[in-house]
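Q: Sharing a model prediction with you, sequence too.
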Amino acid sequence: MSYFKHHVFFCCNQRPAGESCCADHGAAEMQAYAKDRIKALKLNGEGKVRMNKAGCLDRCDEGPVLVVYPEGTWYTYVDKTDIDEIIDSHIVGGKVVERLKLK
């Protein structure tokens with residue numbers, strides 16, 4: 001069994017000016033928001049959920065992106081409303097958010 005039920009990685013990569021990157025879309029702020037929300041819901045810790053920053057996940061052109069493991073579900077997002085939907089639907093409810101899912 002995995003240490004965490006869900007492990008979520010937010011790409012927070014910063015590329016040189018002019019190159020597409022998740023950091024330019026507020027990825028670090030969205031990761032911090034998601035981490036705080038998971039803590040507020042008391043879903044953090046062993047056997048629960050971990051929200052992590054990651055370096056380049058090599059999908060910045062589709063970004064910003066995050067990936068939820070163990071499922072390996074990739075998402076894009078625009079704002080906190082999208083993050084809330086991913087948390088509420090996927091993390092809490094076990095249902096993939098199709099409209100935000102990357103192919």
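A: Good, I have the coordinates.

Q: how near is Ala23 to Cys12?
A: Per Cβ to Cβ, to the nearest Å, Ala23 is found 6 Å from Cys12. Any C-beta I mention is one placed from the backbone N, CA and C, and that applies to glycine too.

Q: Give me the secondary structure label for His90.
A: helix (DSSP: H, G, I helix; E, B strand; the rest coil).

Q: pretty sure it contacts Val97?
A: Yes. His90 lies in contact with Val97 (Cβ atoms under 8 Å); the separation is 5.8 Å.

Q: Once you drop chain neighbours, what's closest to Ala23?
A: Gln14 (4.0 Å; Cβ to Cβ, 6 or more residues apart in numbering).

Q: Just give me the neighbour total for that neighbour.
A: Neighbour count for Gln14, taken as other Cβ atoms under 10 Å: 15.

Q: My guess is it contacts Cys21. True?
A: Yes. Here Gln14 reaches Cys21: they are 5.7 Å apart, a contact under Cβ under 8 Å.

Q: where exactly do the strands run in this protein?
A: Remark: strands assigned in the chain by DSSP state E are 6-11, 49-54, 65-69, 73-76.

Q: separation between the spatially most central residue of the chain and Gly72?
A: For the chain, Leu66 is the residue whose C-alpha lies nearest the centre (Cα atoms, centre = their mean; 3.6 Å). Separation of Leu66 from Gly72 (Cβ to Cβ) stands at 12 Å.

Q: what does Ala23 give?
A: 23 Å.

Q: which of these two has more neighbours?
A: More neighbours surround Ala23 than the other of Ala23 and Gly72, with 17 against 7 (other Cβ under 10 Å).

Q: which ones are touching that one?
A: Ala23 sits next to Cys12, Asn13, Gln14, Arg15 when contact means Cβ atoms under 8 Å, 6 or more residues apart in numbering.

Q: Swap in 6 Å and give it another go.
A: Ala23 sits next to Cys12, Asn13, Gln14 when contact means Cβ atoms under 6 Å, 6 or more residues apart in numbering.
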